[in-house]
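Trainee: take this sequence and fold it.
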Amino acid sequence: MMFRNHLIVTAAVAIFTVKYVNFAMPLWVVLILIFAGSLLPDLDHPSSTIGKRFLFISLPLAGLFGHRQITHSVWPFVLTAWALSYDTWATPLAMAFGIGYFSHLLADFISDSGIPLFWPHQGRFGIKLCTSGGLLEPIIALGLLWLAIIF
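Mentor: Numbering: from 1, shown residues only. Down below sits the predicted model:
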């Protein structure tokens, strides 16, 4: 999924989440964490928005694993959430960050490439509703945003 559509899906997930989850912290902190978490999976792509800013991490990740490999699996999501929630005070932080990370995986899950959910197992999982960068992608993203606003 393209960056702008990832942002729209993340906005939808964020709107839905803050309606139903009390994070016991300021809304702006929750939103920053959700959006930061949603960018992290593309750290393995040197041309991505986050990859350009952290080339010292992005280039080695891309060289070792390639794009949409380890960072698009469940393992970084689980490890990051676990590390951030090690102390009780960090649990809401981990939850917000994890929700953002999940929103990115969800968005790529519906694209034609799918995601290697259980990397290093090479099987890809997804429902292939749209082609990454295709005409249907922004329609689905905006539809999710509309649903989040309505419900």
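Trainee: next secondary structure after the helix or strand bottoming out on mean pLDDT in the chain?
Mentor: Using mean pLDDT, DSSP states H and E, helix 74-84 stands out as the lowest-scoring helix or strand of the chain, at a mean of 78. Next in sequence after helix 74-84, counting helices and strands by DSSP states H and E, comes helix 91-109.
Trainee: now that next one, how far from the centre of its chain.
Mentor: Mean C-alpha position of helix 91-109 versus that of the full chain (Cα atoms, centre = their mean, to the nearest Å) differs by 5 Å.
Trainee: can you give me the buried ones in it?
Mentor: 92-109 (16 or more other Cβ atoms under 10 Å). Using the backbone N, CA and C atoms, a C-beta is placed for each residue, glycine as well.
Trainee: residue nearest the centroid of the protein?
Mentor: Using Cα atoms, centre = their mean, the residue of the chain that lies closest to the mean C-alpha position is His104, 2.2 Å off.
Trainee: touching, that one and Leu40? I think so.
Mentor: Yes. Under the criterion of Cβ atoms under 8 Å, His104 makes contact with Leu40 at 7.3 Å.
Trainee: quick one, helices of this protein?
Mentor: Under the criterion DSSP state H, the chain carries helices at the ranges 3-20, 27-39, 49-53, 55-64, 74-84, 91-109, 136-150.
Trainee: quick check, distance from stretch 126-144 to the centre of its chain.
Mentor: So, by Cα atoms, centre = their mean, the centroid of stretch 126-144 is 15 Å from its chain's centroid.
Trainee: tell me the mean pLDDT over that stretch?
Mentor: Stretch 126-144 shows a mean pLDDT of 95.
Trainee: same check, this time on stretch 53-62
Mentor: Stretch 53-62 comes out at a mean pLDDT of 97.
Trainee: give me the contact list for that stretch.
Mentor: Stretch 53-62 has contacts (Cβ atoms under 8 Å, 6 or more residues apart in numbering) with 43-46, 48, 50-52, 70-71.
Trainee: try it again at 10 Å.
Mentor: Residues outside stretch 53-62 that contact it (Cβ atoms under 10 Å, 6 or more residues apart in numbering) are 39-40, 42-48, 50-52, 67, 69-71.
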